[in-house]
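**Student:** Build the 3D model from these lines:
(one chain, ligands or ions: 1)
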Amino acid sequence: MTTIANESITVTALGNGIGAQIDGIHLREPVPPEAGMQIMAAWMQHKVLRFRGQQGMSTQQLVNFSKLFGELDRAPTPANKTGKPYLAEFPQVTAISNIVVDGQPIGGLGSYEAEWHTDMSYNEMTPSASILYAIEVPPSGGDTWFCDMYAAYDKLPADLKTRIAGLTCVHDASRNSAGMLRKGWKEVTDPRETIGAHHPLVRTHPLTRRKALFLGRRLNAYIPGLTLDDSEALLDALWQHAVRPEATWVQQWKVGDVLIWDNRCTLHRRDAFDASTRRLMHRTQIAGDRPY
Ligand code: SIN
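**Tutor:** Below you'll find the predicted structure:
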């Protein structure tokens, strides 16, 4: 593990090329420009950053910190019966939670497992980053895993690299990251009919200029121009290669953790947890661009 100390903050690598912890900064206060530049540089290098001990941060302070990374997206419309935002006063913040108050969930995703995915890759314009702030965490489970998609591309066998050059993939919009069918969407029975954005299988990060494998999510994915069998076989090979355990890092949450990940060069997934325990996260999302 490397620790780099700067004047104000320290950056400690946590995983094998993915994940780092930033210490020495309170996110409740405005981040000084110098520290902001150090954080950006660390983020570009480590792809996922963790800030521990940030308990007591208000929702407005979370919004202020999030703006360091770019313009915020509006929170998605919740897939619950009411369709009302979880945080009515903060249109850019949503809640991820299994907690139910007066019969109404106070956040999305429940206590289910969320499979490997990149946030909202089924849209034409995909978010550059997501930020989660842990307010309540269960005693066990609910860990969040991250996978390095630069490494997935760099280490791809040469024949696979050649095969996927110039190919696109359809990213299914019909299901959420816990695999649930969204309201008003039809079950996909043939991936050739999947509805969602078409993105290149290899994207270039707009800031680092590095190439990353861009898979989005496996369910109902399809590579246009290939037979269904060939598309399935190629996607299976790419996924098997990408999510090798040695390319992943796991976040075990503590109350007060703030995590930011780069959706342009990582995948993430979440473990299920005991539904009788409580987990509450507030989440912001940074607007991005059309992958190229
Ligand atoms: C997500 O998949 O965006 C949620 C991650 C989490 O709840 O830890």
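**Student:** which stretches of the stretch 151-292 of the chain form strands?
**Tutor:** Ranges of strands in the stretch 151-292 of the chain, per DSSP state E, counting those that start in this stretch, are 168-170, 198-200, 202-204, 211-213, 248-251, 258-262, 266-270, 280-286.
**Student:** With respect to G141, which of those lies nearest?
**Tutor:** With C-beta to C-beta, the closest approach to G141 among the strands of the stretch 151-292 of the chain belongs to strand 266-270: 9.3 Å. For the C-beta atoms, the positions are set from N, CA and C on the backbone; glycine is no exception.
**Student:** ok, that closest one: who's next to it in the sheet?
**Tutor:** Strand 266-270 sits in its sheet next to strand 114-117 (antiparallel), strand 144-148 (antiparallel), going by DSSP bridges.
**Student:** contacting residues for whatever residue of the chain ends up closest to the ligand?
**Tutor:** Using C-beta to the nearest ligand atom, T144 is the residue of the chain that sits closest to the ligand, at 3.7 Å. With contact set as C-beta atoms under 8 Å, 6 or more residues apart in numbering, T144 has these partners: L132, V250, Q251, W253, L259, H268, R269, R270, D271.
**Student:** Can you tell me the number of residues neighbouring M120?
**Tutor:** M120 has 20 neighbouring residues, counting by other C-beta atoms under 10 Å.
**Student:** shift numbering so it begins at 17
**Tutor:** That works, and once the first residue is 17, the last one we named lands at M136.
**Student:** Would you mind measuring from the closest residue to it other than its chain neighbours to S82?
**Tutor:** Spatially, and ignoring its direct neighbours in sequence, M136 is nearest to P143 (5.6 Å; C-beta to C-beta, 6 or more residues apart in numbering). Going from P143 to S82 by C-beta to C-beta, to the nearest Å gives 11 Å.
**Student:** intersection of neighbour lists for these two?
**Tutor:** Contact criterion C-beta under 8 Å, 6+ apart; residues shared by P143 and S82: I302.
**Student:** how about the residue lying closest to D273 once chain neighbours are set aside, secondary structure?
**Tutor:** Closest residue in space to D273, ignoring its immediate chain neighbours: A150 at 4.5 Å, by C-beta to C-beta, 6+ apart. Assigned with DSSP: H, G, I helix; E, B strand; the rest coil, A150 falls in the strand class.
**Student:** A57 now?
**Tutor:** Of the three states, A57 takes helix under three-state DSSP.
**Student:** give me the number of residues near it?
**Tutor:** A57 has 13 neighbouring residues, counting by other C-beta under 10 Å.
**Student:** Ok, T110 next?
**Tutor:** T110 has 24 neighbours, counted by other C-beta under 10 Å.
**Student:** Surely it and K100 touch.
**Tutor:** No. Using C-beta atoms under 8 Å, T110 is not in contact with K100, being 11.6 Å away.
**Student:** Tell me the residues that contact both of these two, please.
**Tutor:** With C-beta under 8 Å, 6+ apart as the test, T110 and K100 both reach P94.
**Student:** Please name the nearest non-neighbouring residue to P154.
**Tutor:** Among residues not flanking P154 along the chain, T293 sits closest, at 3.7 Å (C-beta to C-beta, 6+ apart).
**Student:** again, but for T220
**Tutor:** T220's closest residue in space is K227 (C-beta to C-beta, 6+ apart), at 5.7 Å.
**Student:** check contacts around the one you found.
**Tutor:** Contacts of K227 by C-beta under 8 Å, 6+ apart are Y166, Y169, D170, V218, R219, T220, H221.
**Student:** likewise A111?
**Tutor:** For A111, the contact set (C-beta under 8 Å, 6+ apart) comprises Y102, L103, I122, G123, G124, L296, M297, H298, R299.
**Student:** Could you say which of the strands paired with strand 282-286 is packed most deeply?
**Tutor:** Ranked by mean neighbour count, these are led by strand 160-164 with a mean of 23 (mean count of other C-beta atoms under 10 Å).
**Student:** Put the alpha carbons of that one into PDB.
**Tutor:** Extracted in PDB, the C-alpha atoms of strand 160-164 (Å, rounded to 0.1, in the frame of the first residue of the first chain):
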ATOM      1  CA  THR A 160     -19.900  -2.600  -2.700                       C
ATOM      2  CA  TRP A 161     -17.400  -4.100  -5.200                       C
ATOM      3  CA  PHE A 162     -15.600  -2.200  -7.900                       C
ATOM      4  CA  CYS A 163     -13.800  -3.500 -11.000                       C
ATOM      5  CA  ASP A 164     -11.100  -1.700 -13.000                       C
END
